[in-house]
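>>> Okay, predicted coordinates and the sequence, questions at the end:
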Amino acid sequence: MSLYTDHLEIYKRSMLAPDYVIQKIIVAKHFIDNNYQGDISLNEISRASLISKFHFIRLFRKTYGRTPNQYLVEIRITKAKLMLKQGYAVSDVCVAVGFCSITSFTSLYKKITGHTPAYFRRLSSIKKAIPDNNFQI
């Protein structure tokens, strides 16, 4: 092998996990995708991947660029936005996407999106009422 391929192999081994481990991380991501509305813990997610909790967090972050908890919150907020656009009540959305308290849901939603869920819902209903508009949500 050339010097270039040798360095590439060393880099690949140091930066990437083996394929079977990546598959386990993907399984854990699918577990989050399918169970985001429940009260799932890091232990349950790492158990789904069959990797120790701390090793799992490190590999998940390396693979997806965020921790499992950050990804879970991202999925929940994305699903909440869809439900709010459809006109569901904030309290119903809160429970449907897996939050236990409206207060924590509202504060986290505002922290991530810059608006409260109620404001986003009102803005979505205005957008629906005006068919030809130039603003985006």
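Okay, I see it. Residues are numbered from 1 along each chain as shown.
>>> Can you pull out the low-pLDDT segments for this protein?
1-18, 128-137 (pLDDT under 70).
>>> tell me the domain boundaries of it?
For the chain, the structural domains run 1-65, 68-137, going by automatic domain parsing.
>>> and these as a markdown table, adding mean neighbour count?
In this view, the C-beta of every residue, glycine as well, is placed from N, C-alpha and C. Below are the domains of the chain laid out as a markdown table (neighbours: other Cβ atoms under 10 Å):
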| stretch | mean neighbour count |
| --- | --- |
| domain 1-65 | 14 |
| domain 68-137 | 15 |
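>>> so which strand or helix has Asn34?
helix 19-35 (DSSP states H and E).
>>> Could you list every helix and strand in contact with that helix?
helix 42-49, helix 53-64, helix 68-85 (3 or more Cβ pairs under 8 Å, 6 or more residues apart in numbering; DSSP states H and E).
>>> Just want the angle from it to helix 53-64.
90 degrees (axes from the mean of the first three to the mean of the last three Cα atoms, to 10 degrees).
>>> Could I get the CA-only coordinates of helix 19-35 as PDB?
What follows is helix 19-35, C-alpha atoms only, in PDB (Å, rounded to 0.1, in the frame of the first residue of the first chain):
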ATOM      1  CA  ASP A  19     -19.700  -1.500  10.700                       C
ATOM      2  CA  TYR A  20     -21.400  -3.800  13.200                       C
ATOM      3  CA  VAL A  21     -21.300  -1.100  15.800                       C
ATOM      4  CA  ILE A  22     -22.700   1.500  13.400                       C
ATOM      5  CA  GLN A  23     -25.500  -0.900  12.700                       C
ATOM      6  CA  LYS A  24     -26.200  -1.100  16.500                       C
ATOM      7  CA  ILE A  25     -26.300   2.800  16.600                       C
ATOM      8  CA  ILE A  26     -28.700   2.800  13.700                       C
ATOM      9  CA  VAL A  27     -31.000   0.300  15.600                       C
ATOM     10  CA  ALA A  28     -30.900   2.700  18.600                       C
ATOM     11  CA  LYS A  29     -31.900   5.600  16.400                       C
ATOM     12  CA  HIS A  30     -34.800   3.600  15.000                       C
ATOM     13  CA  PHE A  31     -35.800   2.800  18.500                       C
ATOM     14  CA  ILE A  32     -35.900   6.500  19.300                       C
ATOM     15  CA  ASP A  33     -37.800   7.200  16.100                       C
ATOM     16  CA  ASN A  34     -40.400   4.600  17.000                       C
ATOM     17  CA  ASN A  35     -40.800   5.300  20.700                       C
END
